[in-house]
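Undergrad: Predicted structure and sequence below. I'll ask about it afterward.
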Amino acid sequence: MKKLALIALTLCALLPGAARGQDKAADAAAQQNARGAALLKEGKFEEAAAELQKAAEAAPKSAVIQANLAYAYDRQGRTEEAVAAYRKALEIDPKNATAQNNLANLYSKQGLYDDAARELEDLVQRDPANATAKANLETALKSKAIMQQHKDQASSAVQGAEAKPNDPQAAYNAARGYAQLGDADQALTWLNKALDLGYDRLDYLSLDPSLVSLKKDPRFLKLLEERRPTR
C-alpha cells in the first residue's frame, strides 16, 4: 500500500527540574537522559536506549524520559515497546504533546489509523495552533481512506476470482489487491494460484507497481526464480 509521509518523530526536551540538581537521583537521571539524547543524535540507538532505560529507572515518574526512551525504541524498530513507553509517558503527563504526537505516528505506521486519529484529534482540540498535529491528523485520515479503498478493491478482486476460479488474470488481480493492502501471505497465495492457472507474464511481476510491497520478500524472489522458464 502506498503510504503518505508522516511528520518526523521528535525528542522531548531535557529535564529542567532535575538539571538543577534537586537531588542526586534526579541529577543522575537528567545526565543519563542527556547522554541518551546525544547518542540518539549520533545514531547510536542501542546505546541510547540503555542510557535512557537507566534514566527511567532512576526517575520513573518522568514523562520526558519515558518519551525519549520510546523514541529510542522506535529508532531500533521496537515498535511495541515504543508504544508502551509513550503510553506510560502520557499516563504521567497527559498533556505531553510531543509524546502524544509521536504515539499517533507509531499507530499510523502500524496501520492503526483510527487510534492515530483519536490521539491527534485530542491533541488538536487541546492545542488548535499545533501545526504538526494538524498535519499528522490530515495524513492519518488520508491514509485511512486509502487503506479502505485498497480493502474494497481487494474484496472486489477476490469476489471476481472466486466467480472465475479458472481465470489466471482474475487470480492475479486478487494477488495485486492483497499486495496493495500489505498482506504478503494472501498476495503470494493468489499469485501462485494465478501462475498455476497459466498466468504467463512473468517479466511483468517485477515491474508491476501493485506488487511493490512484495519485492523485498524472499518468498517473492524465490517464486520468480522457480517460475522463470529454463532455456
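TA: Everything's here; your move.
Undergrad: what does the domain assignment say about this structure?
TA: Domain segmentation of the chain under automatic domain parsing yields 16-142, 164-227.
Undergrad: buried set for whatever helix or strand Ala157 lives in?
TA: Using DSSP states H and E, the element containing Ala157 is helix 131-163. Residues of helix 131-163 classed as buried: 132-134, 136-137, 139-141, 143-144, 146-147, 150, 153-154, 157-158, 160-161 (neighbour count, 16 or more other C-beta atoms under 10 Å). For every residue, glycine as well, the C-beta is placed using N, CA and C.
Undergrad: Check stretch 167-179 too.
TA: Applying 16+ other C-beta under 10 Å to stretch 167-179 flags Asp167, Pro168, Ala170, Ala171, Tyr172, Asn173, Ala174, Ala175, Arg176, Gly177, Tyr178, Ala179 as buried.
Undergrad: And stretch 109-127, by the same measure?
TA: Lys109, Gly111, Leu112, Tyr113, Asp115, Ala116, Ala117, Glu119, Leu120, Leu123, Val124.
Undergrad: likewise stretch 195-207?
TA: Within stretch 195-207, the residues that count as buried by 16+ other C-beta under 10 Å are Leu195, Leu197, Tyr199, Leu205.
Undergrad: contacting residues for the last one?
TA: Each residue near Leu205 by C-beta atoms under 8 Å, 6 or more residues apart in numbering is listed here: Leu191, Leu211, Leu224.
Undergrad: again, only this time at 10 Å
TA: Leu205 is in contact with 172, 175, 191, 194-195, 199, 211, 214-215, 220, 223-224, 227-228, counting by C-beta atoms under 10 Å, 6 or more residues apart in numbering.
Undergrad: Mark which of the buried residues of stretch 109-127 are part of strands, please.
TA: Judged by DSSP state E, the subset of the buried residues of stretch 109-127 located in strands is empty.
Undergrad: Redo those residues as CSV? Include pLDDT.
TA: Listed next are the buried residues of stretch 109-127 as CSV, based on pLDDT from 0 to 100:
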residue, pLDDT
Lys109, 90
Gly111, 88
Leu112, 93
Tyr113, 94
Asp115, 96
Ala116, 95
Ala117, 95
Glu119, 95
Leu120, 96
Leu123, 94
Val124, 95
